[in-house]
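Q: this is a predicted model, with the sequence first.
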Amino acid sequence: MAPPKRITREAVLARLSAAPPADGTPSMDELAAVAGVSRAALYSLFGSRAALLEAIGAEVGPSVAERVLAAAGELVAELGLAGLSLDEAAGRSGVSRATVYRLYPGKAALFRAVVAANLPIEEGLEILASYGHLPPAEVMPMLARTLAQGPVPVGVLRSMLFEVSRRDEETEPVLAEVLRITTAINGYVRQQMDAGRLRRMDPALAVEAFLAPVMLHMVSRRFIEEFGLTTLTIEEAIDEFTAAWLRAMAPPARRR
């Protein structure tokens, strides 16, 4: 069977320019349909919906849900889960209480949405579902670029790690989501080890070695830029981390 044709940013942008989406705020599903590719492909190429819209020159303001999530993210970063309040999120975002409660019927649902907004779990799962048959040299860069959708608020990541470890009713849904993506990546890495494409080691540790540098860089990115510690773009930095992981995980050369 012939290998799948490589999808490029240029080809996607050309298709979207030739047949732009309908007026309004197009979703990734709508953009994918116009471009003739999967959502996973768009996320792997552009990282986020906002980055794709910017690339095609679309001026789209944040939706109501995005405004609420931004406000809720600020609350989580500043005060943790204990300080997250649907009423306060409504006040900060300038959205009515009724709308916030309609979108997120409870504190647990809002916290889960904040985490999902900062950790693109569904996009990562879609990449594994669509491209899991491909080798690590192709899949791991796609995963890394999808996870690196923009600087992760330090407070949000810290709160997520701390709160999830408490294992209570409000954080269990978040833990379940995190386990979905880590379990899926673990499974892919194990399969690639079995196929001889990756060095054998504990798959969970191999995944930690992949995720930790990417997440740390996204958390510290603003400080790295502020003090001029690197000239690399986010995309170039993530590619460097991924290439280093792939080199370290390359299977040992066979003796002749």
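A: Good, I have the coordinates.
Q: which helix or strand contains the closest residue in space to D239 that isn't next to it in sequence?
A: Once flanking residues are discounted, D239 sits nearest to P141: 6.4 Å by CB to CB, 6 or more residues apart in numbering. For glycine as for every other residue, the C-beta is placed from the backbone atoms N, C-alpha and C. Assigned by DSSP states H and E, P141 falls within helix 136-147.
Q: helices and strands around the strand or helix carrying S159, which ones?
A: Assigning secondary structure by DSSP H and E places S159 in helix 154-164. In terms of contacts (3 or more CB pairs under 8 Å, 6 or more residues apart in numbering; DSSP states H and E), helix 154-164 is packed against helix 64-79, helix 107-118, helix 172-194, helix 203-226.
Q: that one to helix 107-118, inter-axis angle?
A: Interaxial angle, helix 154-164 versus helix 107-118 (axes from the mean of the first three to the mean of the last three CA atoms, to 10 degrees): 130 degrees.
Q: mind checking the pLDDT average for helix 154-164?
A: Averaged over helix 154-164, pLDDT sits at 75.
Q: for it, list every residue counted as buried.
A: Using 16 or more other CB atoms under 10 Å as the test for burial, helix 154-164 gives 155-157, 159-160, 163-164.
Q: adding distance to D194, write those residues out as JSON lines.
A: Formatted as JSON lines, the buried residues of helix 154-164 follow (distance: CB to CB, whole Å):
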{"residue": "G155", "distance to D194": "39"}
{"residue": "V156", "distance to D194": "36"}
{"residue": "L157", "distance to D194": "32"}
{"residue": "S159", "distance to D194": "37"}
{"residue": "M160", "distance to D194": "32"}
{"residue": "E163", "distance to D194": "35"}
{"residue": "V164", "distance to D194": "30"}
